[in-house]
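A.B. asks: what would the 3D arrangement of this be:
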Amino acid sequence: MSTTWILVANASSASLYMNRGPKQGLEKLREYQHAASREKASDLVSDRPGHNRSAGNGHGAYNPPTDPKQNEAQQFAMKLTRDLEQGRTGNEFQRLILVAPPQFMGLIKSNAGSALIGMVSDHFEKDYTKIDARTLTGHLESCIYL
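C.D. replies: Below is the predicted model of the structure:
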């Protein structure tokens, strides 16, 4: 019997579910929270942008190359893919389903290795983090027998 893991995530929270086969339903394995992704960008930066001197009389301000909120989302995606990779190397699942909004889905896929991506059987570019497991099963019945 094959075990399927289902990651339902957005930039600030995620839930990892498991399905052990037909008529087994969903079992919640872990819940993740990343409060920093909910902060305002101004609260994530320690102080004002630095100043740099340029040739002549002008001054410029240094702006960070990435948006602080984007950086926090990237860190959260890295943590989630690290946990998925540990499950893959431990043979804890044979199939993976990803559910995340398009931008966060891209972050997850860009952090995942090719072996992990190879285990993804389906993906849904939706934010289902606020729905309960019963409603989630209705959305997933096209790709898994719950």
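
A.B. asks: for residue 104, give me the pLDDT.
C.D. replies: According to the prediction, residue 104 has pLDDT 96.

A.B. asks: and if you look at the one 4 residues further on?
C.D. replies: According to the per-residue confidence, residue 108 scores 97 in pLDDT.

A.B. asks: what sits against the nearest residue to it once chain neighbours are set aside?
C.D. replies: Using CB to CB, 6 or more residues apart in numbering and skipping residues adjacent in sequence, the residue nearest residue 108 is residue 77, 5.1 Å away. Using the backbone N, CA and C atoms, a C-beta is placed for each residue, glycine as well. Each residue near residue 77 by CB atoms under 8 Å, 6 or more residues apart in numbering is listed here: 104, 107, 108, 110, 111.

A.B. asks: I'd guessed the last one sits against residue 78; true?
C.D. replies: Yes - Residue 111 is within contact range of residue 78, at 5.1 Å (criterion: CB atoms under 8 Å).

A.B. asks: okay, those two: which has more neighbours?
C.D. replies: A direct count of neighbours by other CB atoms under 10 Å for residue 111 and residue 78 places residue 111 higher, at 19 against 15.

A.B. asks: hang on, residue 18 in a strand?
C.D. replies: Yes - judged by DSSP: H, G, I helix; E, B strand; the rest coil, residue 18 forms part of a strand.

A.B. asks: which residues touch it?
C.D. replies: 3, 4, 5, 6, 26, 27, 28, 29, 93.

A.B. asks: how close does it sit to residue 11?
C.D. replies: Here residue 18 is placed at a distance of 23 Å from residue 11 (CB to CB, to the nearest Å).
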